[in-house]
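K.L.:
please work out how this folds:
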Amino acid sequence: MDILVCLKQTFDTEEQITIENGQISEDGVEFVINPYDEYAVEEAIRLKQEHGGEVTVLTIGPERAEQAVRTAMAMGADKGVILDTEDLDEEMDEHSVAHLLAAMIEEEDLEYDIILCGYMAVDDGAAQVGPRLAELLDIPHISTITKLEIKDEKVIVEKDAEGDVEHIESKLPILVTAQQGLNDPRYPSLPGIMKAKKKPISRLDLDDLDLDEEDIQAKTETLEIFLPPKKQAGKILQGDIKDQARKLVRLLHSEAKVI
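P.N.:
This is a model prediction of the structure:
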């Protein structure tokens, strides 16, 4: 079975976000595999162990992104493909990333029975790259899965459906996005870390891809980046219930500005 995993390197979720000159500062920040992508890597390795085959990890980013790929290899992935974006001047969005991933798959002539992605990246929360990539590849996709089983050419999943569970069947090839609860990602072992150093990584840049500038031009624009306001102390209303209700409505209108 040929398995692809798309992953992103993101801020460690324990890092404190700071903004300088309207941009998120990366100075001294620890980067990790996007937590939802860890579920995708783990599930890919489990599928390989059950059905045989090969796991290829794809990522897009600057030079530091190799660390995320090596971590996935230490977990059990077989090889990696990195697209270097150091020379990319324009800002990318989910549209851009999906087109770049599709072009990487084409350039490397990668075969796939199943593609796994995290259902969203914790830094932007858009949850669009997986579905957009499936659309470009003209294959079905199922998002936010919490259980996956493959029997012959049949794919059987359980999908998170806003507090409920949806059962879906489909066929290979397919793209699925991993939700928390799908599995418990393993920690890289010392032998795995040593082996990962020798596993192959293909490095691409934009000139290697059969894409025009228009293909990867962002469809969205970030107008402003800011931190949420600090939480203020709550107010306790006292007195007659009717008076409290009137005061609550007035505060929601004049201070909270939600009505």
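
K.L.:
for the longest strand along the chain, buried residues please.
P.N.:
Secondary structure of the chain per DSSP state E: the longest strand is strand 141-151. By neighbour count on 16 or more other CB atoms under 10 Å, the buried set for strand 141-151 is H141, I142, S143, T144, I145, T146, K147, L148, I150. Placement of C-beta: from N, CA and C, glycine included.

K.L.:
would you mind giving the domain segments of this structure?
P.N.:
If you go by automatic domain parsing, the domain ranges for the chain are 2-216, 230-259.

K.L.:
burial of I82, as a residue count?
P.N.:
Using other CB atoms under 10 Å, I82 has 22 other residues around it.

K.L.:
can you check K79 too?
P.N.:
There are 16 residues near K79, going by other CB under 10 Å.

K.L.:
ok, the lowest-mean-pLDDT helix or strand in the chain: who's next to it in the sheet?
P.N.:
Lowest by mean pLDDT, DSSP states H and E among the helices and strands of the chain is strand 23-24, with a mean of 79. Pairing partners of strand 23-24, with direction, according to DSSP bridges: strand 19-20 (antiparallel).

K.L.:
contacts for the strand it pairs with?
P.N.:
The contact list for strand 19-20 (CB atoms under 8 Å, 6 or more residues apart in numbering) reads S25, I225, F226, L227.

K.L.:
ok, stretch 209-229 next?
P.N.:
17, 19, 22-24, 83, 90-96, 99-100, 103-104, 106-107.

K.L.:
now the buried members of those residues.
P.N.:
When the contacts of stretch 209-229 are checked for burial by 16+ other CB under 10 Å, the buried set is L83, M92, D93, E94, H95, S96, H99, L100, A103, M104, E107.

K.L.:
show me which of those residues is closest to I168.
P.N.:
E94 (23.1 Å; CB to CB).

K.L.:
for that closest one, give me its contacts.
P.N.:
Counting by CB under 8 Å, 6+ apart, E94 has contacts A126, Q128, V129, R132, T220.

K.L.:
by neighbour count, which of these wins?
P.N.:
Going by other CB under 10 Å, V129 tops these with 26 neighbours.

K.L.:
any idea how far it is from V55?
P.N.:
19 Å (CB to CB, to the nearest Å).

K.L.:
buried stuff in stretch 20-36?
P.N.:
Quick answer for stretch 20-36 (16+ other CB under 10 Å): F31, V32, I33, N34, P35, Y36.

K.L.:
looking at the contacts of stretch 209-229, which are in helices?
P.N.:
E94, H95, S96, H99, L100, A103, M104, E106, E107 (DSSP state H).

K.L.:
doesn't V129 make contact with the second one?
P.N.:
No. Applying CB atoms under 8 Å, one finds H95 not in contact with V129, separated by 9.1 Å.
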